[in-house]
Every structure is written in structure tokens, then in C-alpha cells.
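> Mind looking at a prediction? Sequence and model below.
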4 protein chains.
Amino acid sequence: MAKKPLNIGLVGYGFMGRTHSNAFLQAPRFFDLPYQPVLKAVCARNPERARTFAANWGYESIETDWRALIAREDIDLIDIASPNDTHAEIAIAAAKAGKTVMCEKPLGRTAAEGKGMLDAIEAAGVPNMVWYNYRRVPALVLLKQLLDEGRFGRIFHYRSQFLQDWTISSDLPQGGEGLWRLDASVAGSGVTGDLLAHNIDMALWLNGKITEVSAMTETFIKERKHTLTGKVEAVSIDDASSFIGRFENGSTALFEATRYARGHKALFTLEINGETASARWDLHDLHRLEFFDYRDEGRLRGWKSIHITDGDHPYMKNWWVPGLQIGYEHTFVHQVADFLIAVGEGKAAAPTFADGLACDYVTDAVLHSARTRQWTSALGA
Amino acid sequence: MAKKPLNIGLVGYGFMGRTHSNAFLQAPRFFDLPYQPVLKAVCARNPERARTFAANWGYESIETDWRALIAREDIDLIDIASPNDTHAEIAIAAAKAGKTVMCEKPLGRTAAEGKGMLDAIEAAGVPNMVWYNYRRVPALVLLKQLLDEGRFGRIFHYRSQFLQDWTISSDLPQGGEGLWRLDASVAGSGVTGDLLAHNIDMALWLNGKITEVSAMTETFIKERKHTLTGKVEAVSIDDASSFIGRFENGSTALFEATRYARGHKALFTLEINGETASARWDLHDLHRLEFFDYRDEGRLRGWKSIHITDGDHPYMKNWWVPGLQIGYEHTFVHQVADFLIAVGEGKAAAPTFADGLACDYVTDAVLHSARTRQWTSALGA
Amino acid sequence: MAKKPLNIGLVGYGFMGRTHSNAFLQAPRFFDLPYQPVLKAVCARNPERARTFAANWGYESIETDWRALIAREDIDLIDIASPNDTHAEIAIAAAKAGKTVMCEKPLGRTAAEGKGMLDAIEAAGVPNMVWYNYRRVPALVLLKQLLDEGRFGRIFHYRSQFLQDWTISSDLPQGGEGLWRLDASVAGSGVTGDLLAHNIDMALWLNGKITEVSAMTETFIKERKHTLTGKVEAVSIDDASSFIGRFENGSTALFEATRYARGHKALFTLEINGETASARWDLHDLHRLEFFDYRDEGRLRGWKSIHITDGDHPYMKNWWVPGLQIGYEHTFVHQVADFLIAVGEGKAAAPTFADGLACDYVTDAVLHSARTRQWTSALGA
Amino acid sequence: MAKKPLNIGLVGYGFMGRTHSNAFLQAPRFFDLPYQPVLKAVCARNPERARTFAANWGYESIETDWRALIAREDIDLIDIASPNDTHAEIAIAAAKAGKTVMCEKPLGRTAAEGKGMLDAIEAAGVPNMVWYNYRRVPALVLLKQLLDEGRFGRIFHYRSQFLQDWTISSDLPQGGEGLWRLDASVAGSGVTGDLLAHNIDMALWLNGKITEVSAMTETFIKERKHTLTGKVEAVSIDDASSFIGRFENGSTALFEATRYARGHKALFTLEINGETASARWDLHDLHRLEFFDYRDEGRLRGWKSIHITDGDHPYMKNWWVPGLQIGYEHTFVHQVADFLIAVGEGKAAAPTFADGLACDYVTDAVLHSARTRQWTSALGA
């Protein structure tokens, strides 16, 4: 009952800073955890913004230099929610300082960067996690259980998409505040690292290693005004990215991510086809799992829409009552809960930095294949 | 292989004349039947229209007086597809002449009319059927099988709707060619006899007798120009009709039919909730049955959408290959097939005139309850 | 920025105690509010449970007698989340003590009880609200806006259901901890006050007054063991409740609530059909609104599924980014936000106690009609 | 009114022989055509089967050698519905004999074969068509109209799948009666020519030329008993086939066909994303078109499900009344109707043999790319 406090130092105050902060606040109210997260400090270069953010979320203090944050003795956990080009430096410094590290995805802008981060974490031996939050969607945890139970038999196909449409307008500038995802020097890549990385991490978890890919990327709008320079500049990111490929288990891969699929806001989809069962899911109705079981009586076979809101569904007995759905933010709450429980038990909680690096290897392979127009190994070094 | 010819005499050339003719032509091509329907004659008052219809569908001859049609010795079966106010007279005469009789639904404009028709049929001892075609939707035949197998346990609820929107405009005239369904003197009633009768017949078949109803009808547009008189006249039909009620098996009833449900063209729906299973279906996707089985493993319970296109689904091995849907017209084809097979075996094929009368009793009760604002028995005489 | 504290005293610690507490905590983090809710005290007869609840949610203190809670000068707002039979007494006392009062629905077990509560509130002139939380579903707020803009034209039909299946087992006991909803002496009625009240409140808000009803209730399982007495006793509640009826605007009503609809956990549905548009919604996918607009180009008319997750949808700019859904609990957060803003502006925030009483009048009429088998006015005194 | 007879000689009596025969019979009953198809003769090697087929469908005579059929002066049109390895020889001979030729898809087993067929048709100057029947799905004809009207703006993405699951069992033999689709020497390829060809033909029609592909094929079950030899032999076909690629209009391609997608019987899907609109469709609900229009009012944007059963939808005024769906077989009926009208007007009716060859070029490129693991041009010679 008397929980140990765990002092959080957050870097970043954007979209992900908000989801993480909410998760730290909500997790102990809905889950029985060995630690009580304490929102100790938030760090942002702009002190005004840091203060506003701290006041809203209840952070006790602010910092404007992440080095100062890491140097504080009253901080146990560094949570990195700042743009991708800061992940490596902060994570490595935090690990060296012996802090527990949580890092927003993708791990590095490249696998090389990610490798450096993993090495630092392993050298320091500190608990670590990458925020691939979709691994905590209750429907997908159920799917993982069904796969682990062997209900699907041999797997033939795995396909996954992430479809958005928010960058279609050529008036949208690139770079700067809130738009760094359109600048490859900051983000590492376009949709490959931003969206496709989610598809890949989920696939690696559910269906195992991807061995090779043949990929294609496309930049539909070639020039945009850059917010920081004020000039029209060549667009450096990929607007769309897709690949065919193979998994180690013999199944085929078909993946696609884009910000040019008109009508889709955040349509992360996946489908897996096995010998005896199939399943599919999408983020626009994340509280449902579609399941087909070939072992059902013949004339009654069909796709079942399972409303994942019952007490026997993953995480759901901790929320409300059957029939009442949870949403996007809850995946982060689950991630905090699982991480703190694992830390309390001295265990690793996936996705670790090692998992993050495995994903970086695949995104690197996708970008390499697209550049070279060759099939490329996705297994990394 | 050498099939006996069965000579058809059709009365009426409208929408139902077309569906019936198509069914007589298609049934023997897809089903192995003891009779070969022969399109001997079509009857309509207007000889021009009769001739055009005959040429299109391959009828060998025409008549302009149904009495002449019935008098013909080369006619075995009288098929009544003319407006409701002609059903009784023609059916009774045909029965007296010893003809097999198929009659478009509803049987009579009132139960009294229907009773006269049933009496004549029974006195003559001729094969007979009412074209409640939806009993031959493969998905609903499967549902009937599941109910008969006892998979639902005790039934708690049955609800059904028929939603259309084609009469909302006040510019639409009433009565006359193609619009007789808006004239109660011809049709008997509005949506109660036209649409709700389908809901009721299906319910009686699937869930047994309805014992009592409390009903309400509404006429939203009170006056319309009458096509035959050219004058604006009071509208005599009900535009909407709904009731609550009870089935003999203890389950509750909730029914509604309307032509004022904007956005729905022919949305016949039904749902049945039992102790151990539930099912629902609608006409806009008639090739699907939604099924929920409580005996499924707890965390995997859900509504299954069964695509009724497989060889082990009712009627479907006679059509194409799995996954390829059939449509509305096929229900009539199945009805012809089932009827001819039953006749060949000397058996009755539901829905018979007796079934048609049972439905008339309920529609009479609905109209009576709506008029008197009292709960009314629906069991008939 | 310097928000006034608003001290909350919560009565009850069950399902609704949790949703309300969460709402008070979350609202100020996502919405800019004039008050900062402070969780001052939670009241429950069992001090152990009160303490556990307080520790989890951060209440500063506990009380075991609601009279003591009301007597405290440091409490500004009494929030009633205890069983229905306590609503009236607590609300009246709180009003007399000059407290702001929020009361879980239904207002009273009967309209008579509700009337006493409204009188007390009006005499005291204190801010008040009933927690009909579904009025704050973003999709339904959008629907309300569309209706207010006149997009539907004349309304023809309104229908609504609330389908559950959690009481089908005859092994389920009645009464006592967590099961008081099955005891009419505590709850007032069964599904009529528990579920149908939600359908009715929503309808009154969206479509105006219901003038008369013809209703039916059913108790499928007649006897259950009573948890408090340990004996098998007659079941006092209605398991299912349905009615046909009329709205003041001339449209027809079709309503149903049940806990015996196998396969549905909390399927609150509604559909409204107007001359020029229709809409439907259900709680199992609460983040979607289905909309049909007859003014669309003819060949392109259809039901549009609007994913209510965009910045221009009600409340949604305060949450995450487009495409990411919120869930059930957020409706309570919105309710707190709207209420505090209204209180800050000295305005009433619907649903007020007056709205709660209007709903009680209709549920009373439903129960009366079911008992007497007569059409009954639903307009109240 | 007095229609010219058009004498049909059908080769083949399998699944496609049935769909074609039905189409020739039904087309003139529902469409006003310049020709009356006459079922003159059906040709099959097995005279018994030919006679049974002829009796069922009303063919006046039979032949057991297609050369004899082509030699008959009373045959106007040769319809090829026999296995793929017979297409070229029969079509070339029929063209040389001056017959009108309809050929089941794919045109040739290879583009080389297809090219020979096109050359023969062009040399003879005879009317010709390939039975890519899905071009006559009303929903897809509507989509084509919307594209031609410029409603989608610049196209970014086109993706399409054909998912089946009927060959998953390793007990299924290959080759011979009804199973020739599993023998590459007869079929040309596996799913690439059988299923993916449908996806490709549709894409070429809707979205223009495909310039290059990177493809992958897979044979999951490597050996099967061959029906003709009785021995276990290596499987020669591709079980699954997928590719990424580019269209000439700058949009990306993502295609997949398989017979190993458990739970899908004939799930042909397509989606197209343009700057201002998107659409999707699938064969399991072929009577619906999903449409998203970005020009809709912002807060009301969504995917609209258009029920393609209204009089202003392509072909539908010739069928029943609004709301009543047609099915798979009707696409063939429409194809006959369109072809006969075009022939009557002396015009070509797509898909012609030239269109069939364009599709063969792409399937050839897919197979070549899969073999060589190289990006391959899909534009043909």
C-alpha cells in the first residue's frame, strides 16, 4: 500500500509529452503498482512553455536544459518525449547517469543511432522502454495471446497499413514547432520512421522477424516552405512508404504507410492469416478485434467482431464495466503500469531498447531498398 | 429428366409480375424440379401492355380478362400478381376451377377477405402458396434451422422493422397505375399490409404466434392529389405503423414499418435474442447473417458476420461458388423451386393460404389497436 | 490562470463514484476552467472502503455519515453517487445547506421524489446538475448542433434502445452491494429507471417533449435469492421495458430497454429520421456518428460514418490528434468541464434538476402505462 | 422490336459456361438490345456432359470438337469458357472464320499468347471482348464515372487485393476436372493469372497504365497429388502473388492475390486515394460503394456507404426497385448487354482483346519480377 515514489523527469512538452504525463497520472489510479510516479520536473528550452505545461500537469519544477535535468539527484526516470534528433544524446547521457530511461519511438533516427543507445543502456544496466504504445491496445494483447496459444497454425500472410491524410495540402510548411516530423534532419525520415515503424514493431512482436524487403518510397510534394528558414526548400522526407517482404516464419509481408490517403486520419490496420484462424484490427475502432476461426462449425463460420470491453479482456477489469470503451490514451497508461510492475520485479518490459533497435533495422532496410531498388536484408548487423 | 410441364397463367404485369416471371424461368435452370414451368399466358386489362410483357418474358399468349384465363383448360396454375383488391375474387374463382393458386402477399386486404380465400382453397383442395418471398432468403432459412435446433434457448425478444423513404414528398400523388399502394381502397391499408405484413409473416415463422399488440399508426401527409380523380383528396393509408406486443412463447415484440425513414430504401430488419444465442439480419445486406453465440469461449464472444455464400448454406450449392452473392430476385426463384418440389411430393409448401391468413389476423389487430388505442388480441377468430 | 478552488464532497464509492472522481481530476488538465476541483472528502458508511477509495483517488479526508459531510464548511459541492434511494434526502439536505449539487441519474426513484428535489434546489437557488453523461458524447453534441441548425426538417421518427445481457442467469442474486439495481425498493424500478431513463433524457434533449406512451414491461426471471436476506424472493424490478409513443413535434417514438438482449453489453442506440436528413448512433462505437443527408447529390447519397476525432468536432480539440478516439469516461470529464464553466458564468448547465424531473415524468408514465395497459400522458403534472 | 438473332456457340460447360449462358438468357429480358442471343450449340469433349448442359440451359445442339463448332455456318459468336490453355487456339481459329469472339479471362496464359490472339482478331476485324466481368459491377461503373468527372483530383494511391482460402488444405489434389486452375501448364500461372489479373484489369481501367513492378510470389504447399497422373508432384503454380509498383499517373500501386487468406472466400477489394476524394469497394458486398469526399463540410466528412440499388445508379433502373440488391451473376448480364449494344452500333466494347493483352503484360511482368527479384517494366513490348 505504501508505494515507493518514482521521480519522473520529462523532456518535451508536445503531443507525446501530454500522453506520457497523463499516463503517469492515471496509471496508479487504475492499476495496483509498486511505484507511485511523481511528476518531478519537465524540461523544455522555452521556460514559459515549460512553466505552463508544468502548471497544467502538476510537475513540481521545470528545467530548460536536459543536462541539468539528468544531473538532478531527485530524478529517477528520464522520459524522452522530444523530437527524434534528441533521442540518442539524451538517452545515452541518462543511461550513463544511471537513470531509468523511457524513450518515445522510434529509438534512433537510424539503426546506427539506435545501436549507440542500446549499447549505453546495456553498459549502464538500467531499466528501459520504448513507447511503442500500440502493444498495449487490449485487442492486440488478446491477439498476441491467441497467437501464443497456437490458434492460428502456420502463418501465411501478415499485412499492415498506416494511412493518414494530413499533409496533402501544398500550403503546409515543413520543419519547426509542431512540424519537425516533415524535416528529415530532425525526424530521420518521413512516414517510414513515424508511421511504418509502428506497423513494423507490432509485426515483429506478433509475427516474428522480417528477413528481407523490397521497398518503395514517394515524395508527392517536392518543395515546401521551411518554417525555420522562411524559404521554399526541397522536401527531405518520404510522404509514402511501402514494401513487400518475408518473415522468418515463412509468411509474406505487405506494408504501407502514407500521409496522402485521403479520408483516413490515423488508420493503422493489421491482418494476419493463419492456417486455422485469421484476425484483423484497426486503430479507428481500436476497441474491437475481428477474428475468424476455421474450427467453427462450417455453415457458421464468419468474422466475429469482439467488443474488447469485458472483464476477461486484457486490462479491462481495471477500467469500467462491460460495453464501455476506452480510447487511445489508455495504451500509454497500460504501458506505464506494465513498466512499473516489471521494474518492481526486476524484469525487462518489452518493447525494450533492444526491441526498438530491431525495428530501426527494418526501417533502415526499407529506406535502403527504396533507394537502391534492390531486395534488402532486414535483419540488421 | 423428362419433366412434366406446368402451365402458368399470370395475372398482373407490374413489379411482382416481373419477379414471378423471372422466378419461373430461372428455377428449373438452377434446381432439379419435378415440373417444367411453361409461361402459357399473362393477363392484363390493357392488351398492349400484356403483349409487351408477354414478348419480353416469353409468355405464349395473353388474356385481358382473368375470368377467361381461369376458364382456359391449358392453364394449371394461376399466379396472382395484381393489386390487393383483386386477390380474393381471383383466388376464389381459380380455386373453384381446380387450379393451383399462388397469390402475392398480403393474402386479403382484411382477414375476412383472407378467410374467404382460405375457405375456397380448402374446399377445392388445391395446392396453394402466398409469395412471402423473404422466407427463402438463405440467411433466414439458416436462422430458422438454428432456431429449430434449439440453439437459442428461451427467447426473450424479437424485433423487426421495415424502413423506407419513398413517399416523403408531398408532390407524390396517390392511387392509379403504380401508385395503388397509396390508396387504401385498393391496398387495404398502407405500410401495415404492404411492409409490416412481411415483418409479421417472418416473425410468425421464426418465433411463433403473436398473442396481443398495442399499436399506433400515423399518416404524416394528410392530403395528396389522387391520380384517378385528379383532385386533392384525404390520404386513406397509414404512412407508419408500429406496435409493442407479446409472443405466445413469452418473448416481447417490437415492430415498426414506415415509408418516412429518410435514408432507408428497403431496410427490412429483424433481431431475435435468446438465452444462449442471438441473431440479426437486414435486407440491405441480405447475404449476411449476424450471429452471437453465448457458448463461445468468454473472451472470444462477439457478433459473427456469416457471408451466406457457401455450399453448406441453404440453396447456395445451386448457385455459384463461395463468396459470390446472390440478390433479391433469387428469393422468388427459391420459392418456385420449393413449391414445385412440394407439389410434386403432394405436400403443402409454406407459406400457405393458412399462413397468409394468420398474418392477416395480426395486421387486422394492429389496425384495430391503433384505431381503438387498446391492447388487442392478434390470434384471430 | 489562478483558479478558484472548488471543494468536492462525494457520496458513494461505486462505479459512479469512480467515474465522477476521474472526471474531477481530468477536467482541469484538458479544459480551461474557472475552478480547480479539490477532492476534499469522500463519504461512505464503511470507513475502510472510504479510506481505500480516498487513498486511490486522492481525497483528502473521509466521512461515514453524509449529514456530517454536508455540515462541513469546507465543502462547496455535494456530488451524489450513492444508490437511488438516497438521492432525494441527500440532495434536499445539501440544497438547504447552500451547497452546489450534482446528482447521479435518475433524479428520483419517482417523479414525486424528483419534484421534492427540484423544489429544494429552486428554493435554495444553488447550481445543480444531473449526471446524464451521454449528453456529452461528442458525436451526440454534433447531432444536437445539426438538429438546431434545422438540417433535418420535419422530424418523422425517433427510436432508441438500451440493450444489455448481464442479468440473464437465474443464479444472479438480487439486492445488496453492487446489486442494488435489481432491488426496486432501492432503485425505484429496473431497466426503466436505469437504462430507459438514458434513452428518454437524450430524446427530450434532441427531439423535445414526449406527450404520451403505451408501454409494456416484463420480468423474465420471477424469483432470485436476495443477497441481504439470503432468501429466494420475488423479483421486484422490470427486466425489460418498451413503449410506443408520440413527441410533441409530431414524430413517433419507439423505445426499448432490456437486460436480456444476449450479445449486447451496453448497446445504447438512437436514430432520428427527418424530412431532409437522418442520423444514428450507438454506444458501442460512441466515437462515430452515422449521418444521411438527402440534399447530397442523388446517386451519391448514403450513410456517412463520421469518425468524431477531429479538431472541429465538439470537445475534440482538447484531446489528442485526429483519428484517435476517446471513450466512455470522457463524457463525465466533459460534463464537469461544462458545469464548472456554466457555474463560473452564473448560468444553468443542462441537464439540471428540472431536466431530471422531466425524465422522471416519462419513466413514471411508462411504468403506469405498463401497469394499466392504457395510453398514458408523459407530460407530468 | 423485331430483334436480329445472334447465334451463340459456347465452348466449355464449367463455372464460366454457366455464368455466360445465364447472361445470354437474362440480358434480353432486362435490357433493350439490338440482338436476341440464341443458344445454338454448346461444345464439350464429353458428349454426355454436353447434352446435360444443353438440356439445362436450352442449347439447341451440341458439338464435341470446337473446330466443328467454328465450322458451322449457323454460329455467329464463339464464346470461349474452356480452360486457359485452349483460349489462344480457339480464339485465333474463330477469328479466322470471321466469328465474333468472346473469351473468358485471362486472354492468354502469357502475353505472347495474348499477342497472337489480338493479332488474329485485328486481322479478321471481328467484334471481340474479354470477360473481365467486374467492370460491370454497378458500384464500379459509378466509381469510373466519378473518376472521369475529375472528382478525385491527383491520384496518390491505388491498392487492390483478391483474397481466397480454398486451397489451404494439403489434401486438395492438383489438375484435372475442376482443378485445372492448380496446374500451371493449363492455367499459365496460379493466382497471378486467375485472381491478380482481375485486380490489374480493374486498375488499368480505373487508374491507367502500370509502369513498373517489384513482385513476389509464394507457393506454400510444394507438392500435391496430381489428379491426372495419380502421383504426388511438385506444385507448379503460385499460391500467392503481390507487388508494389507505380502507375503512369504518379500514384503508387500495392497489389496482392492469394488463396491462403483464411476467412476470405472471394474478397476482391480496391481502394483509390485522390487529392479530393477516395473510394473503396469489395466483392463480398458488391452492391455498396464507399466514398469519401474531402469537399464535404469539414465536421461532416466521413466515409459514405452508398447502397447501389437506386434508379440513378448504373444498370439499376433495369432491375427491381430501390433497396433491392443484385449479385454476382448480373455483372455477366451487363457485359452481354453492353457488348450487344456496342456490336449493334459497330463500336468496340471494352475490355477488348487489346485490353486483355495489356493485362497479360502486367501479369507477365509480375511473374518475371518475382523470378528475377528485379523491378520490371509492366508496359509490355
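Arrived safely, thanks for sending.

> Could you measure from the closest residue to chain B within the stretch 101-250 of chain A over to A:Phe152?
Taking Cβ to the nearest Cβ, chain B has its nearest neighbour within the stretch 101-250 of chain A at A:Leu142, 6.6 Å off. (C-beta placed from N, C-alpha, C; glycine too.) Using Cβ to Cβ, to the nearest Å, we find A:Leu142 at a distance of 13 Å from A:Phe152.

> just to revisit the earlier point, in contact with the residue of the stretch 101-250 of chain A closest to chain B: list those residues for me.
A:289, A:306, A:308, A:313-314, B:299 (Cβ atoms under 8 Å, 6 or more residues apart in numbering or on different chains).

> Can you lay out the residues you listed as JSON lines showing distance to chain D and secondary structure?
Below are the contacts of A:Leu142 laid out as JSON lines (distance: Cβ to the nearest Cβ, whole Å; DSSP: H, G, I helix; E, B strand; the rest coil):
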{"residue": "A:Leu289", "distance to chain D": "13", "secondary structure": "strand"}
{"residue": "A:Ile306", "distance to chain D": "14", "secondary structure": "strand"}
{"residue": "A:Ile308", "distance to chain D": "19", "secondary structure": "coil"}
{"residue": "A:His313", "distance to chain D": "21", "secondary structure": "coil"}
{"residue": "A:Pro314", "distance to chain D": "23", "secondary structure": "coil"}
{"residue": "B:Arg299", "distance to chain D": "19", "secondary structure": "helix"}
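
> before we move on, the earlier item: is the residue of the stretch 101-250 of chain A closest to chain B within a helix or a strand, and which one?
helix A:138-148 (DSSP states H and E).

> Now do the buried residues in that helix.
A:138-143, A:146-147 (16 or more other Cβ atoms under 10 Å in any protein chain shown).

> could I get the residues you listed as a markdown table with distance to B:Asp201?
Compiled in a markdown table, the buried residues of helix A:138-148 are given as follows (distance: Cβ to Cβ, whole Å):
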| residue | distance to B:Asp201 |
| --- | --- |
| A:Pro138 | 43 |
| A:Ala139 | 40 |
| A:Leu140 | 45 |
| A:Val141 | 46 |
| A:Leu142 | 41 |
| A:Leu143 | 43 |
| A:Leu146 | 42 |
| A:Leu147 | 46 |
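
> Now the stretch 151-300 of chain A against chain B: closest residue?
A:Arg299 (4.4 Å).

> Mind checking what secondary structure the nearest residue to that residue once chain neighbours are set aside has?
Using Cβ to Cβ, 6 or more residues apart in numbering or on different chains and skipping the chain neighbours, the partner closest in space to A:Arg299 is B:Asp312 (4.4 Å). Secondary structure state of B:Asp312, per DSSP: H, G, I helix; E, B strand; the rest coil, is coil.

> wait, isn't B:Asp312 in contact with A:Gly298?
Yes. Counting by Cβ atoms under 8 Å, B:Asp312 touches A:Gly298, with 5.1 Å between them.

> what sits up against the helix or strand of chain A with the lowest mean pLDDT?
When each helix and strand of chain A is scored by mean pLDDT, DSSP states H and E, helix A:184-187 comes last, with a mean of 92. For helix A:184-187, the external contacting residues (Cβ under 8 Å, 6+ apart) are A:83-85, A:109, A:175, A:180-181, A:190, A:193-194, A:236-237.

> Apply 10 Å and report the result again.
A:83-86, A:106, A:109, A:174-176, A:179-181, A:190, A:192-194, A:228, A:235-238 (Cβ atoms under 10 Å, 6 or more residues apart in numbering or on different chains).

> Show me which residues of it are buried.
A:184, A:186-187.

> hang on, the earlier thing: pull out the buried members of the contacts of helix A:184-187.
A:83-86, A:106, A:109, A:174-175, A:179-181, A:190, A:192-194, A:235-238.

> Can you report how many residues lie near A:Cys359?
The tally of other residues near A:Cys359 (other Cβ atoms under 10 Å in any protein chain shown) stands at 31.

> can I assume it sits in a strand?
No. A:Cys359: not assigned to a strand; according to three-state DSSP it is helix.

> Wait, it touches A:Leu204, no?
Yes. Using Cβ atoms under 10 Å, A:Cys359 is in contact with A:Leu204, at 6.4 Å.

> joint contacts of the two?
A:132, A:210, A:351.

> after the least confident helix or strand of chain A, next one along is what?
In N-to-C order, the element after helix A:184-187 by DSSP H and E is helix A:191.

> Low-confidence bits of the stretch 1-150 of chain A, can you list those?
Low-confidence regions of the stretch 1-150 of chain A, defined by pLDDT under 70, span residues A:1-2.

> residues in it within reach of chain C, list them.
Residues of the stretch 1-150 of chain A lying close to chain C (Cβ under 10 Å from any Cβ of the partner chain) are A:1, A:3, A:15, A:18-19, A:21-22, A:25-26, A:28-30, A:32, A:52, A:55-58.

> Do a quick rundown of the helices in chain A.
For chain A, the helices defined by DSSP state H cover A:15-30, A:47-57, A:66-71, A:87-96, A:111-124, A:138-148, A:184-187, A:191, A:197-207, A:330-344, A:353-372.

> Among the ones you listed, show me which one is buried the most.
helix A:191 (a mean of 27; mean count of other Cβ atoms under 10 Å in any protein chain shown).

> any residue of that helix up close to chain D?
No. Helix A:191 stays clear of chain D (Cβ under 10 Å from any Cβ), getting no nearer than 12.0 Å.

> now for that helix, which elements pack on it?
strand A:240-247, strand A:252-258 (3 or more Cβ pairs under 10 Å, 6 or more residues apart in numbering or on different chains; DSSP states H and E).
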